[in-house]
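Visitor: Sharing a model that was predicted from the sequence below.
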Amino acid sequence: MKVIAFLGSPRVGGNTELLLNEAVRAVEEEGHDVTVFKPNIMKLSPCLNCGQCEETGECIIDDDMKKVYQAIQDGDRFILASPIFFFGLSAQIKALIDRCQAFWCKKYLLKKPIPPGVFGRKGLLLLVGGMKSDTGFTCGEATAKAFFRTISVPEHETLFYKEVDAKGAIQKHPTALKDSYEAGKRLVK
């Protein structure tokens, strides 16, 4: 089973990365390799809305997204982890998601969705942010759901943690790291 993870946080060693690390650890303990993409350190252009992918289902921009496209095409399980900034996913992960317009065109315009493969395709969404309300998480999950459905991931589990802001504060949450670990196990069962 091929597991692909996306770390949307620009903060090294922050709450989002700590959550993701626990899910990845669980997946690896189950005997699966995980490929982790970190848009913050990748050469990644935003979508240019040039329309070329409408004709071919392929993006014409030559950057690190080519590796992401191949991983998404070949993957079975997907973990998306992001902080919530201003009621949305981080700019880094949003840029990667926007570049998946090529998959949207391939699926909906060209009628060539990614096949489910032997294991099917499932996802896990991990969100964390400092706000007290659920609004940002609802908005972030809506974007993530659109991303997952575009890459032919019909179901996903969501974990979110509010009022967690300072670097490393997620470690003080009574269940967050354990929850993320257990969700990683469920993802590959």
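Guide: Good, I have the coordinates.
Visitor: Okay, buried residues for the helix or strand encompassing Leu19 please.
Guide: Take DSSP states H and E as the rule and Leu19 turns out to sit in helix 15-29. Across helix 15-29, burial judged by 16 or more other CB atoms under 10 Å covers 15-27. From N, CA and C alone the C-beta is placed, and that goes for glycine too.
Visitor: got a list of what Val27 touches?
Guide: Counting by CB atoms under 8 Å, 6 or more residues apart in numbering, Val27 touches 3, 34, 77, 79, 184-185, 187-188.
Visitor: can you put those in CSV and add pLDDT, distance to Lys122 and neighbour count?
Guide: Output for the contacts of Val27, formatted as CSV (pLDDT from 0 to 100; distance: CB to CB, whole Å; neighbours: other CB atoms under 10 Å):
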residue, pLDDT, distance to Lys122, neighbour count
Val3, 98, 10, 24
Val34, 97, 14, 19
Arg77, 98, 6, 23
Ile79, 98, 10, 26
Gly184, 98, 12, 29
Lys185, 98, 13, 14
Leu187, 98, 6, 23
Val188, 98, 9, 21
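Visitor: Kindly indicate which of the residues you listed lies nearest Arg121.
Guide: Arg77 (7.3 Å; CB to CB).
Visitor: Strands along the protein, start to end?
Guide: Taking DSSP state E as the test, the strands found in the chain are 3-7, 34-37, 77-85, 88-89, 122-128, 155-161.
Visitor: now the angle between strand 122-128 and the first one, please.
Guide: Using axes from the mean of the first three to the mean of the last three CA atoms, to 10 degrees, the direction of strand 3-7 lies 20 degrees away from that of strand 122-128.
Visitor: Distance check, the residue nearest the centre of the chain against Val27.
Guide: Compute the mean C-alpha point of the chain, and by CA atoms, centre = their mean the closest residue is Leu80, 2.2 Å away. From Leu80 across to Val27, the span is 14 Å (CB to CB, to the nearest Å).
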